[in-house]
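A.B. asks: 3D, please:
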Amino acid sequence: MDYCVSCKISEDLALEIHAIIKSLNDKPQKGEHTSEIVRVIVRLSEEALTSFFITPVKKIKIGQMYEKIAQLGLNTGLSIISKASKKIINQLSEDQLRQFAALLNSFICPCENY
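C.D. replies: Numbering: from 1, shown residues only. This is a model prediction of the structure:
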């Protein structure tokens, strides 16, 4: 059995994801959409990690110093994700870009249970 976790994302991020999905399905050209894809990956990672990591740290009131450490860790991780994503996305073929679009599409659903 598969399990999923979910988190809310901003409407503008959802719209940006839908736009890149459409672009990748309409014109999946290698290297053309790299900056847009990386921006979506980083934003999605930031919103998810904030939901699953930063928000709980703040809610349990562990202290401002630890909140800053958690935020620093998140920012460092996002920087690494951005750099790695650029290298990886630039290498994707047209078919792989379409597959990536399908995966992105599978992540987005209405928040009915929030």
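A.B. asks: Give me the pLDDT for residue 113.
C.D. replies: Here the pLDDT value assigned to residue 113 is 56.
A.B. asks: In the longest helix seen in the chain, which of the residues would be classed as buried?
C.D. replies: Ranked by residue count under DSSP state H, the longest helix found in the chain is helix 64-89. In terms of neighbour count (16 or more other C-beta atoms under 10 Å), helix 64-89 has its buried residues at 70, 74, 78, 81, 85, 89. In short, each C-beta sits where N, CA and C put it, glycine included.
A.B. asks: State the distance from the spatially most central residue of the chain to residue 61.
C.D. replies: Nearest to the geometric centre of the chain sits residue 44, at 2.3 Å (C-alpha atoms, centre = their mean). Per C-beta to C-beta, to the nearest Å, residue 44 is found 27 Å from residue 61.
A.B. asks: Residue 37 too?
C.D. replies: Taken as C-beta to C-beta, the span from residue 37 to residue 61 is 37 Å.
A.B. asks: for residue 110, same thing?
C.D. replies: Applying C-beta to C-beta to residue 110 and residue 61 gives a distance of 32 Å.
A.B. asks: what do you get for residue 23?
C.D. replies: Residue 23 sits 43 Å away from residue 61, going by C-beta to C-beta.
A.B. asks: Looking at these two now, which is surrounded by more residues?
C.D. replies: residue 23 (17 against 9; other C-beta atoms under 10 Å).
A.B. asks: how about the residue nearest to the more buried one when sequence neighbours are not counted, phi and psi?
C.D. replies: Leaving aside its sequence neighbours, residue 23 sits nearest to residue 33 (C-beta to C-beta, 6 or more residues apart in numbering; 5.8 Å). Torsion angles at residue 33 (phi, psi; degrees, to the nearest 10) stand at phi -110, psi 10.
A.B. asks: OK, contacts around residue 33?
C.D. replies: Shown in contact with residue 33 (C-beta atoms under 8 Å, 6 or more residues apart in numbering): 20, 23-24, 89, 97.
A.B. asks: which two from those residues end up farthest apart in space?
C.D. replies: Pairwise distances across the contacts of residue 33 peak at 12.9 Å for 23 and 89 (criterion: C-beta to C-beta).
A.B. asks: rewinding a little: nearest to residue 49 among the buried residues of helix 64-89?
C.D. replies: residue 74 (5.5 Å).
A.B. asks: That'll do, ta.
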